[in-house]
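S.K.: one predicted model, sequence on top.
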Amino acid sequence: MVTDTTTNHEPPRVLDRVVIRFAGDSGDGMQLAGDRFTTSSALLGNDLATLPDFPAEIRAPAGTLAGVSAFQVHISDHDILTPGDDPNVLVAMNPAALRANLPTLPPGATIIANVDAFDDRNLAKAGFEENPLADGSLSAYTVYEVPMTSITTEVCKEAGVKPRDAERSKNFFALGLISWLYTRPLDATIAWIEARFSSNPMVKEANLRALKAGFHFGETAELFESSYEVRPAPLEPGEYVNVTGNTAVAWGLVAASQVSGLPLFLGTYPITPASDILHELSKHKNFGVRTFQAEDEIAGVGAALGAAFGGALGVTTTSGPGLDLKAETIGLAISLELPLVVVDIQRGGPSTGLPTKTEQGDLLHAMYGRHGEAPLPIVAASTPSHCFDVALEAVRLAVKYRTPVILLSDGYLANGTEPWRLPDVERLPRIDPGFATAPNHTRPDGTEEFWPYVRDETTLARPWAPPGVAGLEHRIGGLEKSDGSGNVAYDGANHERMTRLRAAKIAGIAADIPLMEVDDEQGGATVLVVGWGSTYGAIAAGVRRARALGYQVAHAHLTHLNPFPPNLGDVLRSYHSVLVPEVNLGQLSRLLRAEYLVDAVSFTKVQGVPFRAAEIEAAILHQLDAEARRDDDTGGGWPVSPAGEQ
Amino acid sequence: MTDLAEPGAIPLTTRKDWTSDQEVRWCPGCGDYSILAAVQMLLPELGVSRESTVFLSGIGCAARFPYYMNTYGLHSIHGRAPAIATGLAATRPDLDVWVVTGDGDSLSIGGNHLIHALRRNINLTILLFNNQIYGLTKGQYSPTSEVAKVTKSTPFGSLEQPFNPLSLALGAEATFVARTHDMDRKHMMETFRRAHAHRGASFVEIYQNCNVFNDGAFAQITGKDHRSEMLVPLVHGEPIRYGPEGEHGVVLRPDGSISLVEVADVNESELLVHDEHRENPGLAFQLSRLSRGPFEPTPIGVFRDVQRAEYGAEMSRQVEETTVRKGPGNLQDLLRSGSSWTVS
Ligand SMILES: Cc1ncc(C[n+]2csc(CCOP(=O)(O)OP(=O)(O)O)c2C)c(N)n1
Ligand code: SF4
Ligand SMILES: [Mg+2]
């Protein structure tokens, strides 16, 4: 174990937080380096949040801006909410990685550049006319030039690895160096490399050597004045894992299957950024999970619905283009009144849009994207680990109300991580499938029969009667059916009754979900910031910043988007103004305006990346300013904030 | 094959038990009636129970079928029945799942699902009611309508080469492929019986008369007076021959093609002997194209019946084997699997 890292240096300087961005070519292994650094930090007890950021192409031409892949990690000694606005440290494996990330690099930040990659060819590919390491253009930053490639090839040569192969280990060199700089022990990474590459001793050896060389370089090169330390955060006691949103969705679905006793069936078609849920679930056959990679999204959701008809927990996962294709089948599920969970990991649209980038563009699609009056419940996850809870909630609603439910997550949550304190699975609430067991209708002649559309009085849900039970044989379909008997019925009055019943069933769920809670610390806020989904971290951090400046601001974050919590209207109306930040062009704000006649102010951005806390803070201050102007003709006087720490 | 010997297992049923209380709403004279009757008459003979039988359909005249069956039933959306049935069959191997579909439903909008269900060998009995027309939408041409067909949407004649449903199914790796027609209840019942007995996806094309929009489409071959001259019955292990006296037959030419002959002109031993179980689908494919349409001698019966692993059973096998190997899943351990750490 290498712990004494301070041989030739001052003792490590203590930082409360740091944001590091590993950036390189798609083939440089930056996601891996970032991921391993995150794991070491988690093991040290830091709070953290991560943001992978990779291009749509698997391998864009090497060395180009289009091919830059980055991984940002924010570690701290206190509770944090976002992967950080701007990096404090940029690891740039080549000129393109530097160029792509310079715009977000604040003055004073540190750049650690792989100087070996800054040759004429790579500079030209990145569009630099002069070498930025040499022309003084980076004078606002602290720049360290490290010959990562050459040292890596050198240390690997001794192990008999060819230079071309050795070069591929340079991400481990970078990881070793950053590990030294931030005093992360290497043991966890060493153990990981040994396990991961056990079948390929040459690669294992090269990676180990590169990792250690990077660490020793930091120690001995006298380049760095000191190393740094970020101490553990006071996390609640418990067992933690670092989890991505997609993994949490998958585990939440497995958990839902266990607590309901319903076998899980996933029907899906691969699509970024949802595919990892399929990959994860396909591993867990010993939980009775069946995964089906269908011929297209229509078949994916169709098979899930067929499985639900048969009494399974039917789930389909997708992203925007797939949700378009599933619309007709979701409408069928609404008409059949069968449980179905549709997971939409949103990405930039329309069309293929920005496949690897995040967006909240599908809310209105989830809400209205079907013909006819076709309401369904919608839930959205706020953070990676919240995906677990929301998956359970989606299943609970689907099963209890015999309805398709759309779960909204997005690319940012899907791939981002945060430490998650594991729940005690024994205490997860059970979900009762409540299958029909006996006929529920008596004919005039006294014979008993089963009517598929007799409703539960409180939930308005119909019975779920999977095939296999004698006496419950019944036919259902997408044609309008008679209230009660379920027989095909074309008459207008019945159609209106059924339409209103279906709507009332979904609207009634409002009584079965938590009230809207507001975070209004001091209780005197005039501005309420309302968000949904993955903006949670940025909004909460922005609110903290505004509060740190002495302002009072409230934050409410929606998990249930249809129906809304029953007290939402009262909450909205109790503030002077309602600010709604969204990574779309204002979809929730429209719903709030339509539903509650409040003058919700929309604040939006659609750049494929999450909000920064500073942007939310600025929007809050702007809103406070507007309020002040409205209330007081002398106008304003609210200071504009410097972008502070969160 | 009426396997009802075991007393008390499955109660004896009659056609009436399989008939729902819903009024049948096809046009009077529609071929769908006789197909419905054949199925309802066959089921009591199969030794299966109503509660473990499911009829699933898409949209079209044919697709109304499930409403008329006193079993579990699902009338879904246009073209998607094979996909929906896939999820059902893959999770409920205990059920008998029948898919009823039309030529538009399964070869136009749902073509993709059909071929993949066949390729995966899902345990389904698929009945394709081919009337070579869109019935429910009132008479547009379909993907099985002949070139130059004049319909409401093709007043100057269709420009499209039709699908040959059996060639398509064989090309899609189907393990059971058969053809029958709505004028011969006995042949339908025998064909459905065979299809039902097959494990995996069974595909049956039924020539069905739509007397409103495409009347007589198959009359030249299925009409009582033409059958013996125009239908070529395929019987496993028998030389392929037809005609009132069996005077016509099918031979395999040295160049690998097949053709019709007068038995008198060849040595009887030269007649092609039908083999449903041949692994190579080449000959079945040729037989499926022996006639260019329902105006030439056309083979009916089982073209192909081979065994291949069935998807749902394989999926269950993986689940069972993994559970034996890894032990039943433990949720708390799963949540820990991403290398956990403890904060005290
Ligand atoms: C998505 C969709 N598109 C179109 C239709 C209209 N439609 C209903 S049935 C049908 C064609 C039916 O033809 P076929 O499958 O041959 O069945 P048949 O009525 O001839 O039995 C069409 C186009 C529909 N119901 N849904
Ligand atoms: S339109 Fe044709 S296929 Fe449809 S019910 Fe009438 S006759 Fe039968
Ligand atoms: Mg048709």
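M.R.: Done, it's in. Numbering: from 1, shown residues only, chains lettered A, B, ... in the order given. Ligands and ions are numbered 1, 2, ... in the order given.

S.K.: and chain A, which of its residues are near ligand 3?
M.R.: Within chain A, no position lies close to ligand 3 (CB under 5 Å from the ion). Just so you know, the C-beta spots here come from the backbone N, C-alpha and C atoms, and that holds for glycine as well.

S.K.: tell me, please, the helix or strand in chain A that averages the lowest pLDDT.
M.R.: helix A:163-166 (a mean of 87; mean pLDDT, DSSP states H and E).

S.K.: same question for chain B.
M.R.: strand B:341-343 (a mean of 89).

S.K.: partner strands of that one and their direction?
M.R.: Sheet pairing of strand B:341-343 (DSSP bridges) gives strand A:238-244 (antiparallel).

S.K.: can you list the neighbours in contact with the partner strand?
M.R.: A:38-39, A:42, A:48, A:251, A:276, A:384-385, A:388, A:414-422, B:335-343 (CB atoms under 8 Å, 6 or more residues apart in numbering or on different chains).

S.K.: just those residues: which are in helices?
M.R.: A:38, A:39, A:42, A:251, A:276, A:388, A:414, A:415, B:335, B:336 (DSSP state H).

S.K.: leaving out the residues flanking it, which one is nearest to the residue in chain A positioned nearest to ligand 2?
M.R.: Ligand 2 sits closest to residue A:488 of chain A, with a gap of 15.0 Å, by CB to the nearest ligand atom. The spatially closest residue to residue A:488, leaving aside those adjacent along the chain, is residue A:479, at 4.8 Å (CB to CB, 6 or more residues apart in numbering or on different chains).

S.K.: now do the strands in the stretch 201-344 of chain B.
M.R.: B:202-207, B:231-234, B:241-242, B:248-252, B:258-262, B:298-305, B:341-343 (DSSP state E, counting those that start in this stretch).

S.K.: what of the stretch 1-150 of chain B?
M.R.: B:53-57, B:72-75, B:96-102, B:125-130.

S.K.: report the contact partners of the residue nearest the centre of chain A.
M.R.: With distances taken as CA atoms, centre = their mean, residue A:413 lies nearest the centre of chain A, 0.7 Å away. Neighbour list for residue A:413: A:245, A:345, A:358, A:381, A:383, A:384, A:386, A:387, A:533, A:534 [criterion: CB under 8 Å, 6+ apart].

S.K.: how far away is it from residue B:317?
M.R.: Per CB to CB, to the nearest Å, residue A:413 is found 35 Å from residue B:317.

S.K.: also residue B:325?
M.R.: 12 Å.

S.K.: for the longest helix along chain B, packing partners?
M.R.: Scanning chain B for the helix with the most residues, using DSSP H, yields helix B:311-326. Here helix B:311-326 touches strand A:290-293, helix B:81-91, going by 3 or more CB pairs under 8 Å, 6 or more residues apart in numbering or on different chains; DSSP states H and E.

S.K.: can you tell me which of those is most buried?
M.R.: Mean neighbours per residue, mean count of other CB atoms under 10 Å in any protein chain shown, is largest over the helices and strands packed on helix B:311-326 for helix B:81-91, with a mean of 32.

S.K.: ok, back up a step: and residue A:558, which of the strands of the stretch 201-344 of chain B is closest to it?
M.R.: Minimum separation from residue A:558 across the strands of the stretch 201-344 of chain B (CB to CB) falls at strand B:341-343, 29.6 Å.

S.K.: buried ones in the closest one, by neighbour count?
M.R.: Neighbour counts over strand B:341-343 (16 or more other CB atoms under 10 Å in any protein chain shown) mark residue B:341 as buried.

S.K.: quick one: residues in contact with it.
M.R.: A:42, A:43, A:45, A:232, A:235, A:236, A:237, A:238, A:239, A:240, A:241, A:421.

S.K.: so what's the gap between that strand and the chain middle?
M.R.: Counting by CA atoms, centre = their mean, to the nearest Å, strand B:341-343 is centred 58 Å from the centre of its parent chain.

S.K.: now do stretch B:164-181
M.R.: Relative to the centre of its chain, stretch B:164-181 is centred 8 Å away, using CA atoms, centre = their mean.

S.K.: swap in stretch A:440-447?
M.R.: 52 Å.

S.K.: returning to what we had before: which among the helices and strands packed on helix B:311-326 is found nearest to residue A:191?
M.R.: strand A:290-293 (30.3 Å).

S.K.: any stretches of the chain with poor pLDDT?
M.R.: Here I'm looking at chain A. Low-confidence regions of chain A, defined by pLDDT under 70, span residues A:1-9, A:632-646.

S.K.: let me rephrase: I mean chain B.
M.R.: Flagging of chain B using pLDDT under 70 yields the residue ranges B:1-9.

S.K.: spell out which parts of it neighbour ligand 1.
M.R.: With CB under 6 Å from any ligand atom as the criterion, chain B meets ligand 1 at residues B:59-62, B:78, B:102-105, B:129, B:131, B:133-137, B:142.

S.K.: those residues also near chain A: which ones?
M.R.: Near chain A, judged by CB under 8 Å from any CB of the partner chain, the entries from the residues of chain B next to ligand 1 are residue B:59.

S.K.: which ones among the residues of chain B next to ligand 1 lie within helices?
M.R.: B:103, B:104.

S.K.: count of residues packed around the nearest residue to residue A:440 once chain neighbours are set aside?
M.R.: Distances taken as CB to CB, 6+ apart place residue A:454 nearest to residue A:440, at 5.1 Å, with adjacent residues excluded. Neighbours of residue A:454 under the rule other CB atoms under 10 Å in any protein chain shown: 15.

S.K.: and for residue B:297?
M.R.: Residues lying near residue B:297 (other CB under 10 Å) number 17.

S.K.: tell me if I'm right that it and residue B:233 touch.
M.R.: No - taking CB atoms under 8 Å as the definition, residue B:297 is not a contact partner of residue B:233, at 10.8 Å.

S.K.: shared neighbours of those two, anything?
M.R.: Common neighbours of residue B:297 and residue B:233, counting by CB under 8 Å, 6+ apart, are residue B:242.

S.K.: so what's residue A:236 closest to, chain neighbours aside?
M.R.: Closest to residue A:236 by CB to CB, 6+ apart is residue A:421, at 5.9 Å.

S.K.: please disregard the earlier target; I meant residue A:465.
M.R.: Excluding the flanking residues, the one nearest residue A:465 by CB to CB, 6+ apart is residue A:436, at 4.0 Å.

S.K.: show the contacting residues for that neighbour.
M.R.: Counting by CB under 8 Å, 6+ apart, the residues that residue A:436 touches are A:450, A:463, A:464, A:465, A:469, A:472.

S.K.: who wins for neighbours among the residues you listed?
M.R.: For those, the largest neighbour count, defined by other CB under 10 Å, is 24 neighbours, found at residue A:465.

S.K.: quick check: residues of the stretch 501-646 of chain A near chain B?
M.R.: Residues of the stretch 501-646 of chain A found near chain B (CB under 8 Å from any CB): none.

S.K.: indicate the residue of the stretch 501-646 of chain A located nearest to ligand 1.
M.R.: residue A:502 (20.0 Å).

S.K.: from the stretch 101-250 of chain A, which residue is nearest to ligand 1?
M.R.: Closest approach between the stretch 101-250 of chain A and ligand 1, counting by CB to the nearest ligand atom: residue A:249, at 29.7 Å.

S.K.: mind listing the residues bridging to the residue of chain A closest to ligand 2?
M.R.: Counting by DSSP bridges, residue A:488 is bridged to residue A:481.

S.K.: roughly how far apart are it and residue A:356?
M.R.: For residue A:488 relative to residue A:356 (CB to CB), the value is 46 Å.

S.K.: circling back: and the helix or strand just after the least confident helix or strand of chain A, what's buried?
M.R.: Counting by DSSP states H and E, the next helix or strand C-terminal to helix A:163-166 is helix A:170-181. For helix A:170-181, burial by neighbour count (16+ other CB under 10 Å) applies to A:170, A:171, A:172, A:173, A:174, A:175, A:176, A:177, A:178, A:179, A:180, A:181.

S.K.: who are the packing partners of whichever helix or strand comes after helix A:170-181?
M.R.: Going down the chain from helix A:170-181, the next helix or strand is helix A:187-196, by DSSP H and E. If you count contacts as 3+ CB pairs under 8 Å, 6+ apart, helix A:187-196 packs onto helix A:30-44, helix A:170-181, helix A:201-220.
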